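>>> structural data only, the sequence is not supplied:
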(Lines give C-alpha, C1' and ligand atoms only; values in the text may rest on other atoms or scores of the structure.)
Protein backbone atom coordinates (compact mmCIF):
# COMPACT_ATOMS: atom_id res chain seq x y z
CA UNK A 1 0.00 0.00 0.00
CA UNK A 2 1.55 3.35 -0.98
CA UNK A 3 2.07 5.94 1.70
CA UNK A 4 -0.96 8.25 1.92
CA UNK A 5 -1.06 12.03 1.84
CA UNK A 6 -2.78 13.36 4.98
CA UNK A 7 -4.55 16.71 5.02
CA UNK A 8 -5.55 18.84 7.98
CA UNK A 9 -7.07 22.28 8.20
CA UNK A 10 -3.70 24.00 7.61
CA UNK A 11 -1.25 21.24 6.70
CA UNK A 12 -0.37 18.60 4.14
CA UNK A 13 1.62 15.61 5.37
CA UNK A 14 3.14 14.07 2.28
CA UNK A 15 5.74 11.41 1.48
CA UNK A 16 9.30 12.63 1.00
CA UNK A 17 10.63 13.37 -2.50
CA UNK A 18 14.25 13.31 -3.59
CA UNK A 19 14.46 17.12 -3.74
CA UNK A 20 13.50 17.49 -0.06
CA UNK A 21 17.05 17.05 1.29
CA UNK A 22 17.81 20.77 1.01
CA UNK A 23 14.68 21.61 3.02
CA UNK A 24 15.45 19.01 5.70
CA UNK A 25 19.08 20.16 6.00
CA UNK A 26 17.91 23.73 6.60
CA UNK A 27 15.09 22.89 9.02
CA UNK A 28 16.85 20.22 11.08
CA UNK A 29 20.13 22.09 11.58
CA UNK A 30 19.25 23.49 14.99
CA UNK A 31 20.58 22.53 18.41
CA UNK A 32 17.13 22.37 20.03
CA UNK A 33 15.90 19.83 17.45
CA UNK A 34 18.90 17.61 18.09
CA UNK A 35 18.33 17.85 21.84
CA UNK A 36 14.71 16.72 21.55
CA UNK A 37 15.10 13.89 19.00
CA UNK A 38 16.96 10.60 19.07
CA UNK A 39 18.47 10.54 15.58
CA UNK A 40 19.24 14.13 14.59
CA UNK A 41 22.59 15.59 15.54
CA UNK A 42 23.86 19.14 15.61
CA UNK A 43 25.31 20.46 13.48
CA UNK A 44 23.23 18.54 10.95
CA UNK A 45 25.33 18.14 7.81
CA UNK A 46 23.66 18.30 4.40
CA UNK A 47 24.95 14.80 3.60
CA UNK A 48 22.89 13.44 6.54
CA UNK A 49 19.79 15.05 5.03
CA UNK A 50 20.58 13.56 1.61
CA UNK A 51 21.01 10.07 3.12
CA UNK A 52 17.86 10.41 5.21
CA UNK A 53 15.69 11.54 2.30
CA UNK A 54 17.17 8.84 0.03
CA UNK A 55 16.22 6.22 2.66
CA UNK A 56 12.69 7.65 2.95
CA UNK A 57 12.16 7.72 -0.83
CA UNK A 58 13.42 4.14 -1.38
CA UNK A 59 11.82 2.43 1.64
CA UNK A 60 9.23 -0.31 1.10
CA UNK A 61 5.67 0.78 0.31
CA UNK A 62 4.28 -1.01 3.36
CA UNK A 63 5.90 1.55 5.67
CA UNK A 64 3.67 4.37 6.96
CA UNK A 65 5.96 7.32 7.28
CA UNK A 66 7.57 9.72 7.87
CA UNK A 67 5.96 12.65 6.17
CA UNK A 68 7.19 16.09 5.26
CA UNK A 69 4.89 18.66 6.88
CA UNK A 70 3.99 21.42 4.43
CA UNK A 71 1.56 24.31 4.60
CA UNK A 72 -1.74 23.80 2.80
CA UNK A 73 -1.85 27.40 1.58
CA UNK A 74 1.70 26.99 0.17
CA UNK A 75 2.55 23.28 -0.31
CA UNK A 76 6.12 24.09 -1.35
CA UNK A 77 6.73 25.55 2.12
CA UNK A 78 7.86 22.85 4.56
CA UNK A 79 7.91 23.34 8.33
CA UNK A 80 9.04 19.94 9.69
CA UNK A 81 8.53 16.20 9.63
CA UNK A 82 6.32 13.67 11.40
CA UNK A 83 5.78 9.97 11.14
CA UNK A 84 4.04 6.86 12.34
CA UNK A 85 6.28 3.82 12.34
CA UNK A 86 6.31 0.32 13.73
CA UNK A 87 8.21 -0.06 16.99
CA UNK A 88 9.03 -3.13 19.08
CA UNK A 89 5.62 -3.32 20.78
CA UNK A 90 3.46 -0.59 19.25
CA UNK A 91 3.38 1.90 16.44
CA UNK A 92 5.13 5.13 17.40
CA UNK A 93 4.42 8.74 16.45
CA UNK A 94 7.43 11.00 16.18
CA UNK A 95 7.70 14.60 15.05
CA UNK A 96 9.80 17.73 14.92
CA UNK A 97 9.28 21.19 13.50
CA UNK A 98 11.81 23.83 12.48
CA UNK A 99 12.64 26.33 15.22
CA UNK A 100 11.06 29.22 13.29
CA UNK A 101 7.71 27.39 13.14
CA UNK A 102 7.15 26.53 16.78
CA UNK A 103 4.24 27.74 18.86
CA UNK A 104 1.88 27.78 15.86
CA UNK A 105 0.14 24.47 16.54
CA UNK A 106 1.63 22.67 13.54
CA UNK A 107 3.03 19.74 15.53
CA UNK A 108 -0.21 19.14 17.41
CA UNK A 109 -2.20 19.27 14.18
CA UNK A 110 0.18 16.84 12.43
CA UNK A 111 0.30 14.45 15.41
CA UNK A 112 -3.52 14.44 15.61
CA UNK A 113 -3.75 13.55 11.90
CA UNK A 114 -1.27 10.69 12.35
CA UNK A 115 -3.09 9.35 15.43
CA UNK A 116 -6.43 9.54 13.64
CA UNK A 117 -4.99 7.72 10.62
CA UNK A 118 -3.42 5.08 12.86
CA UNK A 119 -6.58 4.42 14.84
CA UNK A 120 -9.24 4.80 12.16
CA UNK A 121 -7.52 3.55 8.99
CA UNK A 122 -4.92 1.10 10.31
CA UNK A 123 -7.10 0.10 13.29
CA UNK A 124 -4.19 0.22 15.73
CA UNK A 125 -5.20 -0.49 19.34
CA UNK A 126 -2.39 1.61 20.90
CA UNK A 127 0.02 4.27 19.67
CA UNK A 128 3.15 5.23 21.59
CA UNK A 129 4.39 8.81 21.74
CA UNK A 130 7.52 9.85 23.63
CA UNK A 131 9.19 13.11 24.58
CA UNK A 132 12.11 14.31 26.65
CA UNK A 133 11.14 14.94 30.27
CA UNK A 134 11.84 18.68 29.94
CA UNK A 135 9.87 19.13 26.69
CA UNK A 136 6.74 20.73 28.11
CA UNK A 137 5.28 21.61 24.70
CA UNK A 138 5.38 17.97 23.56
CA UNK A 139 3.94 16.79 26.87
CA UNK A 140 0.95 19.11 26.32
CA UNK A 141 0.51 17.87 22.75
CA UNK A 142 0.58 14.23 23.86
CA UNK A 143 -1.90 14.87 26.67
CA UNK A 144 -4.24 16.62 24.19
CA UNK A 145 -4.13 13.43 22.12
CA UNK A 146 -5.18 11.35 25.12
CA UNK A 147 -1.77 10.38 26.50
CA UNK A 148 -1.94 9.51 30.19
CA UNK A 149 0.24 7.79 32.80
CA UNK A 150 3.67 8.16 31.17
CA UNK A 151 6.47 5.70 31.87
CA UNK A 152 10.01 6.93 32.37
CA UNK A 153 12.79 5.32 30.34
CA UNK A 154 16.27 6.23 29.24
CA UNK A 155 16.62 6.70 25.47
CA UNK A 156 19.73 7.21 23.40
CA UNK A 157 20.37 10.72 22.12
CA UNK A 158 22.63 11.11 19.12
CA UNK A 159 23.18 14.74 20.09
CA UNK A 160 24.96 14.04 23.36
CA UNK A 161 25.94 10.44 22.66
CA UNK A 162 24.30 9.53 25.94
CA UNK A 163 21.08 8.24 27.43
CA UNK A 164 18.53 10.88 28.42
CA UNK A 165 15.32 10.64 30.45
CA UNK A 166 12.26 10.25 28.25
CA UNK A 167 8.55 10.04 29.02
CA UNK A 168 6.68 7.37 27.05
CA UNK A 169 2.90 7.58 26.68
CA UNK A 170 0.57 4.87 25.40
CA UNK A 171 -2.49 6.35 23.72
CA UNK A 172 -5.47 4.07 23.12
CA UNK A 173 -8.23 4.80 20.64
CA UNK A 174 -10.68 5.36 23.53
CA UNK A 175 -8.26 7.84 25.17
CA UNK A 176 -7.91 9.62 21.81
CA UNK A 177 -11.69 9.84 21.34
CA UNK A 178 -12.23 11.11 24.90
CA UNK A 179 -9.55 13.78 24.42
CA UNK A 180 -11.05 14.72 21.07
CA UNK A 181 -14.53 15.12 22.60
CA UNK A 182 -13.18 17.25 25.45
CA UNK A 183 -11.13 19.41 23.12
CA UNK A 184 -7.92 17.92 24.48
CA UNK A 185 -8.63 19.00 28.05
CA UNK A 186 -8.14 16.53 30.89
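Yep, that arrived. Please read these numbers as outputs of a predicted model, since none were measured by experiment.

>>> residues near residue 174, how many?
Residues near residue 174, counting by other C-beta atoms under 10 Å, number 11. C-beta: built from backbone N, CA, C; applies to glycine.

>>> one more: the one 3 residues further on?
Each residue near residue 177 was counted by other C-beta under 10 Å, and the total is 12.

>>> could you say what helices and strands the top helix by length along the chain packs with?
What stands out as the longest helix in the chain, according to DSSP state H, is helix 46-58. When contacts are defined as 3 or more C-beta pairs under 8 Å, 6 or more residues apart in numbering; DSSP states H and E, helix 46-58 packs onto helix 21-28.

>>> which parts of the helix it packs on are buried?
21, 23-25, 27-28 (16 or more other C-beta atoms under 10 Å).

>>> from these, which is closest to residue 80?
residue 27 (6.2 Å; C-beta to C-beta).

>>> got a list of what the residue most central in space within the chain touches?
Note on the chain: the residue nearest the mean C-alpha position is residue 95, at 1.9 Å, using C-alpha atoms, centre = their mean. The contact partners of residue 95, taken as C-beta atoms under 8 Å, 6 or more residues apart in numbering, are 69, 80-83, 107, 110-111, 114.

>>> any idea which of those has the most stuff around it?
That'd be residue 69 among these, by other C-beta under 10 Å, with 29 neighbours.

>>> and the gap between it and residue 111?
For residue 69, the distance to residue 111 (C-beta to C-beta, to the nearest Å) stands at 10 Å.

>>> quick check: which ranges of this structure have low pLDDT?
1, 61-63, 184-186 (pLDDT under 70).

>>> number of nearby residues for residue 72?
So residue 72, with other C-beta under 10 Å, has 12 neighbours.

>>> again, but for residue 120
11.
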